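# coordinates for the following, if possible.
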Amino acid sequence: MSYQEPKNNDYGVNNCESCLEKQRIIDRQLEEIGRLKQKLRINERKGTEGFFGSSTPSSQVPVKANSLAENQAKKGGASKGQGSIGRQIFSQEEADEKRIAAVQAIDCPQYECALSRQSANERAVCELERERLKKIYYTIERKVCPKCRRIVSGKVENAFPRMSLSNDLIVEIAEQHYVLGRTLGQLTERFSLPYATVADCLHRIGRKLEPCLEKLKSDYRASEVRHADETGWRTDGGNGYSWYFGSKDVSLHLFRATRSAGVVREVLGTQQLGGVLVVDRYGGYNRVPTSIQYCYAHLLREMKDLEQEFETDEEVKNYTDQMKIALTDAMQLRKRGLVEAEYLKEAEKIKLKIEELSDRQARHPAVRRWQDFFVEKAERLYGWCQNASIPAENNYAEREIRKIVIARKMSYGSQSAEGAKTREIWTSILQSLKKREENPRDKLIETLNNLSQNKNLDIAEELFGSPIPQFA
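This is a model prediction of the structure:
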C-alpha cells in the first residue's frame, strides 16, 4: 500500500509575476485610499472652519457657532419674571441745555374756553448737533516802516501758507479717515469739499510730519516690551504689506511692497537692544538684535489643528489636551492679578509642565516634531516666566493691526505710493499720540499751528518730547 507524502508547510517565495503585479496594484490602491481619506478630512475641516483652519478670520468662517438652528430659535431679552429697571435718562443737572416745550394755544380747540396751567412733565432727549463747515475770508492787514520801508503783514495763525483748509479741519479729516476708517469720498461729501483739495492738504501736512517717524522708531527700540505683526495691503493695484511695530507708547505703521526682514532691520536696526520682542514664528524676525517671545496663541491653534488632523490617535489627543491646558494657563496668568513672587512661582510650574510634556518619549512623528520644537526653541518660549510685563501672546499687536484690516476692507488699499506714505505718517502719529496724550487732537492742532508760524520748529520734539529711557 502506498501513502501520500505529507505536504510541506514552507511554501517559499511566490515568484508568480501575475501575483506580484496584483499585490502591487493592491498596495497602490491602499495608498491612494489613504491619501483620499486625508484629503476628505481636510476638505471637511475647510467646509466648517474655513481655508486657514483655526487661524481663519471670523468673517471667512463658513459656518459660525451662533448661526446654528438652536441658537437662532433663542429669543433675546430678559428671562421671564425678571424685574424691569426702566429707561435710564440723564438728570437736569447733567443736561447741556434746558428747553421748554411751550403750549401755544390759549383756548381749548373744542370748547373755546381758556386753558389753565397744569403741572409740567419732564423728558430727556439726546440731540445730534451736526458739524457745519465755516467759510472764513481773511483780509491780511499790512503795515510799513517809514524808515526801512519794511512791510509787516498779519498772519493766519491756524493754517499753513497757500493752504485753503485750517489745521483743525485737516486733523479732523485725518482722524476720521486714518483712525476711524471713513473713506475720503464720504468725508469730502460730508464737508462739501473738492477731493483733490483734501488729498493735497493731507499729503503736504504729512510731509511736514514725516520727521516724527524716526523719533517713533527710536522710542520703539527703547521700549521694554515690543510687539510686531504684518498683514496684506495693496498699493496702486499691487500686492504689499502693512507692518505694525508697537509698544505701550508707540504705534508705528509702515506700508511696504515686501515682507522681507529688511523692514524689520529698518525699525530695530542692527545694534543689540534690551527688552523683548513678542511675535509669531514668521522667519523675518529671526535675526532681530533682541530677545524674542513667541506667541502662545498661535501655538495653541497649532495644537488644535494637530488634534483634528489625527483625531483618532490617542497619543496625539493626550499630548494636545495637556499642552492646550498649559498654553492657556500661561496666557491667562497675567490676568490673575498676582504679586510678583506668586506670579514667578506659578509661571515656573507651567514652564515645568511644558518641558515635561516635551521630554516624554513619543512614538507618533507629529508629536515628536512638536516636542523637538519646544526643546530647540526654548530660549524664545519662556520670556514671560521672567517678568509679568512680558505677555505670552501677541494679542496686543493683533488688536492694533485690526484697524488696518478694517481700513483695507473699506478703501481696498492705497491708490498710489504717495497715498501709502501719507497713510503711514498720519496713522503712526495719531495712534501714538492717543497712547501719550489725554487730548491727542488738541495737541496735534496746537503743534501744527506753531509750525505754521515757525518753520524751524522741531516737530518731533514738540509732539513726542524727550526720548524714552533705554531699557537695559
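
# the nearest residue to residue 191 once chain neighbours are set aside and residue 430, how far apart?
The spatial neighbour of residue 191 that comes closest, neighbours along the chain excluded (Cβ to Cβ, 6 or more residues apart in numbering), is residue 133 at 5.1 Å. C-beta here means a position set from N, CA and C on the backbone, and glycine is covered the same way. For residue 133, the distance to residue 430 under the criterion Cβ to Cβ, to the nearest Å works out to 21 Å.

# I'd like to know how far the residue nearest to residue 191 sits from residue 198.
Relative to residue 198, and taking Cβ to Cβ, residue 133 is found at 12 Å.

# now swap in residue 161 and tell me
Using Cβ to Cβ, one obtains 18 Å as the distance from residue 161 to residue 198.

# those two: which is more packed in?
With neighbours defined as other Cβ atoms under 10 Å, residue 161 and residue 198 compare such that residue 198 has more, 22 against 8.

# quick check: the more buried one touching residue 189?
No: counting by Cβ atoms under 8 Å, residue 198 sits too far from residue 189 to count as a contact (10.8 Å).

# of residue 133 and residue 430, who's got more company?
It is residue 430, of residue 133 and residue 430, that has more neighbours when counted by other Cβ under 10 Å, with 21 against 10.

# got a list of what that one touches?
Counting by Cβ atoms under 8 Å, 6 or more residues apart in numbering, residue 430 makes contact with 174, 175, 178, 179, 440, 444.

# same deal with residue 333?
If a contact means Cβ under 8 Å, 6+ apart, then residue 333 has 343, 346, 347, 350, 384, 392 as its contacts.

# go with 10 Å
342, 343, 346, 347, 349, 350, 384, 385, 388, 391, 392 (Cβ atoms under 10 Å, 6 or more residues apart in numbering).

# which ones are touching the residue nearest to residue 240 when sequence neighbours are not counted?
The spatial neighbour of residue 240 that comes closest, neighbours along the chain excluded (Cβ to Cβ, 6+ apart), is residue 257 at 4.5 Å. Shown in contact with residue 257 (Cβ under 10 Å, 6+ apart): 233, 235, 236, 238, 239, 240, 241, 263, 417, 420.

# just the C-alpha atoms of stretch 219-229, please, in PDB.
Backbone C-alpha positions of stretch 219-229 (Å, rounded to 0.1, in the frame of the first residue of the first chain) are rendered in PDB as follows:
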ATOM      1  CA  ASP A 219      11.300 105.300  21.100                       C
ATOM      2  CA  TYR A 220      10.200 101.800  19.900                       C
ATOM      3  CA  ARG A 221      13.800 100.500  20.100                       C
ATOM      4  CA  ALA A 222      14.000 101.900  23.700                       C
ATOM      5  CA  SER A 223      10.800 100.100  24.800                       C
ATOM      6  CA  GLU A 224      10.900  97.200  27.300                       C
ATOM      7  CA  VAL A 225       8.200  95.200  25.600                       C
ATOM      8  CA  ARG A 226       7.700  95.400  21.800                       C
ATOM      9  CA  HIS A 227       5.200  93.800  19.600                       C
ATOM     10  CA  ALA A 228       5.200  93.300  15.800                       C
ATOM     11  CA  ASP A 229       2.900  91.900  13.200                       C
END
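
# might you calculate how far it sits from the centre of the chain?
16 Å (Cα atoms, centre = their mean, to the nearest Å).

# what of stretch 333-349?
Relative to the centre of its chain, stretch 333-349 is centred 27 Å away, using Cα atoms, centre = their mean.

# please apply the same query to stretch 93-105.
The chain centroid and the centroid of stretch 93-105 are separated by 45 Å under Cα atoms, centre = their mean.
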